[in-house]
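**Q** got a sequence here, can you model it:
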Amino acid sequence: MARFVPLPQAVAENLNNGDSVAFEGFTHLIPTAAAHEAIRQGFRDLTLIRMTPDVVYDQMIGMGLARKLVFSYAGNPGVGLLRRLRDAVENGFPHKIEIEEHSHAAMANAYEAGAAGLPCAIFRGYRGAELARVNPNIKFIDCPFTGESLAAVPALRPDVVFIHAQKADRKGNVLVEGIVGIQKEAVLAAKRAVVTVEEVVDDFSDLHPNLTILPHWTVTDIAVVPGGAHPSYTHGYYARDNAEYLKWDKIAADRDLFRDWMQKNVLDATPEDFAGRVEKLRDAG
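**A** Okay, the predicted model is just below:
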């Protein structure tokens with residue numbers, strides 16, 4: 001059964017320097033509060049894994065947490081570049097990072113392979129694509145049954161995965177409504193899993209059971225953090241804060257402005273601050 005603990009404890013007891021870690025979410029339910037706690041605790045040499053890394057990974061990279069990034073498409077959604085990521089890759093600030101780029105299909109299949117305990121994912125893909133020239137972890141094999149050439153990539157099996165969700169019940173089962181990205185597969189592939197939630201309820205008796213995508217035995221720790229996905233949205237709770245994504249482009253473009261923003265909004269902040277950040281967005285959620 002999953003433990004219910006404060007977010008600082010969940011991060012401290014599940015994340016280690018040098019770990020491979022995924023903070024997964026797609027469009028909504030991005031676990032920003034968990035990532036900010038990792039930044040506050042000063043972890044280093046992390047391999048950050050994620051489909052579509054966005055602003056929160058820009059922040060982690062800019063603060064020096066990352067040694068490597070394994071990803072598919074990186075950008076500030078609807079705005080443009082991840083400027084802290086680009087500064088790290090092109091200029092080595094705050095230090096150089098390795099990058100391993102994949103397609104969305106490869107990442108999804110790699111998580112599924114990890115969840116199944118397989119060493120690699122095999123799928124149709126990358127034919128005619130250029131990524132295989134620069135990513136040595138993209139291989140091609142012949143199907144032993146048809147002779148067809150297929151792509152193969154290593155399974156993703158992170159040391160720890162962090163996700164955000166709407167609800168947990170008191171037994172530790174986790175419910176997700178709205179868009180479900182690759183969170184379930186990422187949790188099942190990981191050695192440890194931490195879930196931040198908007199609220200804890202007695203049970204899910206009034207909801208369809210298929211919404212409970214993670215039974216309690218798949219989750220290590222649960223932390224209650226209302227608003228913990230901001231500036232992304234949580235379906236049914238609050239809307240996406242589009243203004244914050246637009247502001248980030250200017251903030252991230254300047255190293256000093258970036259550091260000042262991180263000091264005020266992350267290093268000097270707490271998980272409890274997230275609830276206030278989404279109050280104005282709740283009617284639109």
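**Q** going forward, measure contacts and count neighbours with C-alpha atoms only.
**A** Noted.
**Q** so what's residue 258 up against?
**A** 251-252 (CA atoms under 8 Å, 6 or more residues apart in numbering).
**Q** distance from the helix or strand encompassing it to the middle of the chain?
**A** According to DSSP states H and E, residue 258 maps onto helix 255-262. Offset of helix 255-262 from its chain centre (CA atoms, centre = their mean, to the nearest Å): 22 Å.
**Q** same check on stretch 253-265?
**A** 22 Å.
**Q** buried ones in the helix holding residue 258, by neighbour count?
**A** 255, 258-259, 262 (16 or more other CA atoms under 10 Å).
**Q** go on, stretch 93-113?
**A** 93-97, 99-103, 106-113.
**Q** would you map the strands across the stretch 51-200 of the chain?
**A** For the stretch 51-200 of the chain, strands defined by DSSP state E, counting those that start in this stretch occupy the ranges 66-72, 98-101, 120-123, 139-142, 149-154, 160-169, 174-175, 192-201.
**Q** most tightly surrounded among these?
**A** strand 160-169 (a mean of 26; mean count of other CA atoms under 10 Å).
**Q** neighbours of the closest residue to residue 279 other than its chain neighbours, how many?
**A** Sequence neighbours aside, residue 238 is the residue nearest to residue 279 in space, at 7.9 Å (criterion: CA to CA, 6 or more residues apart in numbering). Counted by other CA atoms under 10 Å, the residues lying close to residue 238 total 21.
**Q** phi, psi of residue 238?
**A** Phi and psi for residue 238, reported as degrees, to the nearest 10, are phi -160, psi 160.
**Q** now swap in the one 4 residues further on and tell me
**A** Torsion angles at residue 242 (phi, psi; degrees, to the nearest 10) stand at phi -60, psi -30.
**Q** give me the nearest residue to it, chain neighbours excluded.
**A** residue 231 (7.5 Å).
**Q** who touches that neighbour in this structure?
**A** For residue 231, the contact set (CA under 8 Å, 6+ apart) comprises 32, 240-242, 244-245.
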